[in-house]
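In: Got a sequence here, can you model it:
(chains A, B, C and D)
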Protein chains: 2
Amino acid sequence: MTDLLNHFAQYIKVSDYLKEELTKRIAFKSFAKGEVLHSADRICTKSYFIQKGLLRLYFLKDGKEISEYFSCEGDWTNSPRSFIQRKIDLYYIDAIEQTDVYIVEVQDLMFLFNNFPEMERYARLSMGSTFGYLIERITSMRFTTAKEKYQHFCEVYKGIHHRIPLGMVASYLGITQETLSRIRAEK
Amino acid sequence: MTDLLNHFAQYIKVSDYLKEELTKRIAFKSFAKGEVLHSADRICTKSYFIQKGLLRLYFLKDGKEISEYFSCEGDWTNSPRSFIQRKIDLYYIDAIEQTDVYIVEVQDLMFLFNNFPEMERYARLSMGSTFGYLIERITSMRFTTAKEKYQHFCEVYKGIHHRIPLGMVASYLGITQETLSRIRAEK
DNA sequence: CTTAACTTTTGACCTAAATCAAAAAATCAC
DNA sequence: GTGATTTTTTGATTTAGGTCAAAAGTTAAG
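Out: Coordinates of the predicted model:
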């Protein structure tokens, strides 16, 4: 729980009362490598904070798994539109490695938003930083060669890019496995 | 001011006191076609809510203007990372058409966040809907032909896509003007 | 260990879209 | 309205990266 409380403390002051409510409402769970945390046939009602490990958000296109993005230690993840709008969406979440997470249910999160204005602030601030990442990625997708896309990926996922299998990286970048393999070979 | 208050009312209850503070802190201004609202050499301290017209966020790459996205009636716009992190960023904002906007300064927005928890909530909710748009766009950038990218653009900017010059659309999609012109011609 | 099932690499060939170039059309300024 | 500038279209050529196919490595299970 300490990791998660420290994470909140980076954005807001965590009072004893808030700490107590957080502890009461947040569960802990472990997933084995390859396990599916969330499936596209259900509404995503949980948000996962990664204590250790690596998760992947992906969807199926013509039967193939296309990786949307990866999340590691210190990140929150969920199926965004499903979680926010409470509807079915096309994303799956699975574990690339053995992964330990803290889990919060959407109704508990709503309770926290309703009773702790500082949690609204936390959500606003942490969303803000994700924004920059998404905009940069859109730029990187448009005006760069496959090689530059891969370099950008290595920067963004510095420290964890080697933990992600090549095929998943290729679909994340929107290039083929073969092309990515050739890029890696040449340097 | 009515348009803007109605916009807030879609997400939160706007009390008389909040209405009063909003009115006090929000300015109105008109820009001619082609006028630059924000330039990359300064920190973006203003956020613009479009009452009428069409704005564009863009940056320069090798001396060419690359459009990041477009905003119209009912949208907020600013230079996101500059506004959020209070630092210089590479984006410009200009008016594609004659445009009328409401303007809020970052310090006034902070005052509102500090004094009206419902404004934090408004920010969280309205950001949430932009999220879905960005993720969908990333997907659209990766796995589609130039023609599909253009079709996706027309859907997302339904109703306003014809108001945006071809060259700007091409740079938004990350394809050349020539290719876009050919796509338009064929149907 | 050994076999089976993935994952990654290598090779040959092809296609969508980029580049270069110039004409046609639209918009703007006086 | 007329000439000048900007935007869009059309044409010829090139190229990065895709597709298809098969071999080589790697990982997992019994």
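In: In this structure residue A:96 contacts residue A:56, no?
Out: Yes. Counting by Cβ atoms under 8 Å, residue A:56 is a contact partner of residue A:96 at 5.3 Å. All C-beta spots, glycine's among them, are computed from the backbone N, C-alpha and C.
In: and for those two, which residues touch both?
Out: The contact sets of residue A:96 and residue A:56 overlap at A:70, A:164, A:168 (Cβ atoms under 8 Å, 6 or more residues apart in numbering or on different chains).
In: got a list of what the last one touches?
Out: Spelled out, that is residue A:168. Listed by Cβ under 8 Å, 6+ apart, the contact partners of residue A:168 are A:56, A:58, A:65, A:67, A:70, A:96.
In: Backbone dihedrals for it, both of them.
Out: The phi and psi values for residue A:168, taken as degrees, to the nearest 10, are phi -70, psi -40.
In: where's residue A:51, which helix or strand?
Out: strand A:46-52 (DSSP states H and E).
In: Chain A - how does it break down into domains?
Out: Residue ranges for the domains of chain A, per automatic domain parsing: A:2-128, A:144-187.
In: want to try a markdown table for those domains, with mean pLDDT as columns?
Out: Formatted as a markdown table, these follow (pLDDT from 0 to 100):
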| stretch | mean pLDDT |
| --- | --- |
| domain A:2-128 | 95 |
| domain A:144-187 | 92 |
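In: quick one, which of the ones you listed is packed in tightest?
Out: Of all those, domain A:2-128 has the most neighbours on average by mean count of other Cβ atoms under 10 Å in any protein chain shown, namely a mean of 17.
In: distance between that one and the chain's centre?
Out: Centre-to-centre, domain A:2-128 and its host chain are 7 Å apart (Cα atoms, centre = their mean, to the nearest Å).
In: before we move on, what about stretch A:177-187?
Out: Chain-centre distance of stretch A:177-187: 26 Å, with Cα atoms, centre = their mean.
In: Isn't residue A:14 up against residue A:7?
Out: No. Assessed by Cβ under 8 Å, residue A:14 is found out of contact with residue A:7, at 9.8 Å.
In: ok, back up a step: out of the shared contacts of residue A:96 and residue A:56, which one sits closest to residue A:124?
Out: Distance to residue A:124 across the shared contacts of residue A:96 and residue A:56 (Cβ to Cβ) is lowest for residue A:70, with 23.9 Å.
In: No further questions, thank you.
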